[in-house]
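> could you look at this predicted model? Sequence included:
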Amino acid sequence: MVLVAALLLSLASSSNAEAEVLVWEYKDRYDDEIEVKVYGTVQAYPGDTIDVTVKAEAQEDLNDVDMDIWIEGTKDEGNETWASDKESVVSGDLDDGEDVEEDFEFEVPETADSGMMVGHISCEWEVEVEFEVDTEPYYEWVAHSFDIAFPMTYLLNKDYEDLQEDYTELQADYTELVSERDKLKTDYTSLKSDYDSLDATYDSLKSSYDPLKSKYDTLVSDYDVLQKNYNSLDSEHKTLLDEYDALKSEHEATTIELSNYTTYMYALAITTIIFVVTTIIFALRRPKTV
């Protein structure tokens, strides 16, 4: 549909240029007597003025040439026909090789139906024909004619083209939205993949975290018990240190006292020994009586 719309729009743009092209050429029984070509606008809109050029050239001497052209079409959705006024192309004699070129302008009714509009051309003339009568040449002017309708200009539908243009714009918007949707879908798929990966990682970490949390809680509990034991032992340690310091002080005092006692005992022992020795000496020196 997009290609069709683009084609119609391109055709419409070419019609606006009103370029005349060959739309019909007489190729029939008498084309060796007269050559006729019609140039016209290939596309137009109802209400437009169509330029038409007719070129005719005699291929031999022709008398009383009467050539007319007009255009025809339909309206009211094909229920009625319309026709332009007839325009005279040639009226008179044409010598062999003589050519005629006439330009015309035909107005298309506003009410004309869209579709193919036809051109209509009629032509009558007389040509000298040789006959043989009793082996003698005899010449006579003979009437020839043709009346032909031919497709000429395609009438475009403006409303349809406006709809086609709207459709093309909507189609472009739709294509852009589809592109954006596809991009969002791609982004969503990527994010969903990342989310699933993160979710799997989370589950894995959580499965590892739970036993670690359990171990941590156990360690915290053990720590609390050990901390209490430590505090208790520390308290006992400080008490023992205090007792140790007290015993140490007492021991030091006792040691000093014992040292004094030892000194006193040594002095007493030495004194006693001296006393004993002195006594013995004195006893040995006392004279003997008879």
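Structure received.
> the host helix or strand of Val65: which residues count as buried?
Using DSSP states H and E, Val65 falls within strand 62-75. Within strand 62-75, the residues that count as buried by 16 or more other C-beta atoms under 10 Å are Leu62, Val65, Met67, Asp68, Ile69, Trp70, Ile71, Gly73, Thr74. The way it works is simple: take the backbone N, C-alpha and C, and place the C-beta from them, glycine included.
> distance from that strand to the middle of the chain?
In terms of C-alpha atoms, centre = their mean, to the nearest Å, the centre of strand 62-75 is set 57 Å apart from its chain centre.
> average model confidence for it?
For strand 62-75, mean pLDDT is 97.
> show me where pLDDT drops low in this structure?
1-19, 286-290 (pLDDT under 70).
> could you pull out the strands for it?
Under the criterion DSSP state E, strands of the chain are mapped to 20-25, 34-41, 43-44, 49-58, 62-75, 80-83, 87-94, 99-107, 115-133, 136-155.
> select, out of those strands, the one closest to Lys238.
strand 43-44 (113.3 Å; C-beta to C-beta).
> need the strands of the chain in JSON lines with distance to Glu176, can you?
Formatted as JSON lines, the strands of the chain follow (distance: least, C-beta to C-beta, whole Å):
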{"stretch": "strand 20-25", "distance to Glu176": "37"}
{"stretch": "strand 34-41", "distance to Glu176": "36"}
{"stretch": "strand 43-44", "distance to Glu176": "30"}
{"stretch": "strand 49-58", "distance to Glu176": "39"}
{"stretch": "strand 62-75", "distance to Glu176": "40"}
{"stretch": "strand 80-83", "distance to Glu176": "44"}
{"stretch": "strand 87-94", "distance to Glu176": "51"}
{"stretch": "strand 99-107", "distance to Glu176": "42"}
{"stretch": "strand 115-133", "distance to Glu176": "34"}
{"stretch": "strand 136-155", "distance to Glu176": "32"}
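> nearest to Glu257, of those?
Using C-beta to C-beta as the measure, strand 43-44 is the one of the strands of the chain that comes nearest Glu257, at 140.6 Å.
> direction included, what does the closest one pair up with?
Strand 43-44 pairs in its sheet with strand 136-155 (parallel), by DSSP bridges.
> so the nearest residue to Asp48 once chain neighbours are set aside versus Val118, what's the distance?
Counting by C-beta to C-beta, 6 or more residues apart in numbering, the nearest residue to Asp48 once its immediate chain neighbours are dropped is Val108, at 5.3 Å. Distance of Val108 to Val118, computed by C-beta to C-beta, to the nearest Å: 12 Å.
> now swap in Thr74 and tell me
Counting by C-beta to C-beta, the gap from Thr74 to Val118 is 10 Å.
> and if you look at Thr111?
Taking C-beta to C-beta, one finds Thr111 at 17 Å from Val118.
> also Tyr154?
Distance from Tyr154 to Val118, counting by C-beta to C-beta: 11 Å.
> no further questions, thank you.
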